[in-house]
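> sequence plus predicted model, see below.
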Amino acid sequence: GESVGLHLPTLSVQEGDNSIINCAYSNSASDYFIWYKQESGKGPQFIIDIRSNMDKRQGQRVTVLLNKTVKHLSLQIAATQPGDSAVYFCAENTPLGNEKLTFGTGTRLTIIP
Amino acid sequence: DSGVTQTPKHLITATGQRVTLRCSPRSGDLSVYWYQQSLDQGLQFLIQYYNGEERAKGNILERFSAQQFPDLHSELNLSSLELGDSALYFCASSSFDGAPTDTQYFGPGTRLTVL
């Protein structure tokens, strides 16, 4: 079936630098996307979301970009901090799907002090 | 702290056994979702309840079942356990019926180990 996938399973970034985490999705009917952060031993934490009628949304130090043409989603984290080290999941909502959210396998982001 | 609570935090049991995982949603949330996360895997949606009724089903095995009680807490029952059932089980809750913008808040999870 269709699924959400990630380009890179691991990413290491120097503290203070910006990081970009990418996600590819294959279901063109998906209308809503979310990024979650999961720290070790904890449940996923909502970071930011974007609807399919938008191509960019900004939060505090985070920006999500959506390119529907190539079915690509990215999460940009500015001025990374040690606390940003975690696994990041993208998730999509497909209106007609049985599942409420389809999650990707995740990217592990490590911030190097 | 998301406001979603799950018990127990850890559970170790043997193959063939049956366990019950418990979830209390955030105050006021009507929907509860259950997810399974195996090692180095993403989250697999199992089932959703809304105000006591089953609303959506994902890749949930027939050996697994769930329910949501009148006080809105939920239980996930796993029976005839197999080694492959070892995983983290997360519960999430949201305000309403899982509309696209209905953010899900996750609990800390229950780590199940089947020996």
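Sure thing, it's come through. Every value quoted in this text rests on a predicted model; they were computed, and no experiment measured them.

> for the rest of this, base every contact and every neighbour count on C-alpha atoms.
Will do.

> any figure for the gap between A:Q81 and A:R57?
With distances taken as C-alpha to C-alpha, to the nearest Å, A:Q81 is found 21 Å from A:R57.

> so which of these two has more stuff around it?
Under the neighbour definition other C-alpha atoms under 10 Å in any protein chain shown, A:Q81 and A:R57 were set side by side, and A:Q81 has more, 18 against 15.

> let me know whether A:L65 touches A:C90 as I believe.
No: with contact taken as C-alpha atoms under 8 Å, A:L65 and A:C90 are classed as non-touching, separated by 11.8 Å.

> got a list of what B:G42 touches?
B:G42 is in contact with A:89, A:103-106, counting by C-alpha atoms under 8 Å, 6 or more residues apart in numbering or on different chains.

> please apply the same query to B:L88.
B:36-38, B:109-112.

> got phi/psi on the most centrally placed residue in chain B?
Nearest residue to the geometric centre of chain B (C-alpha atoms, centre = their mean): B:W34, 3.0 Å. B:W34 has phi and psi values of phi -120, psi 140 when expressed as degrees, to the nearest 10.

> is it bridged to anything, and to what?
Partner residues in beta bridges with B:W34: B:I47, B:C91, with DSSP bridges as the criterion.

> now do it, the pLDDT please.
Among the per-residue scores, B:W34 shows a pLDDT of 96.

> and the contacts of B:G42, which is closest to A:Y32?
Nearest to A:Y32 among these, counting by C-alpha to C-alpha, is A:F103 at 12.2 Å.

> burial check on the closest residue in space to that closest one that isn't next to it in sequence, number of neighbours?
Here the nearest residue to A:F103 in space, its sequence neighbours aside, is A:A91; by C-alpha to C-alpha, 6 or more residues apart in numbering or on different chains that works out to 4.3 Å. Around A:A91 there are 28 other residues, counting by other C-alpha under 10 Å.
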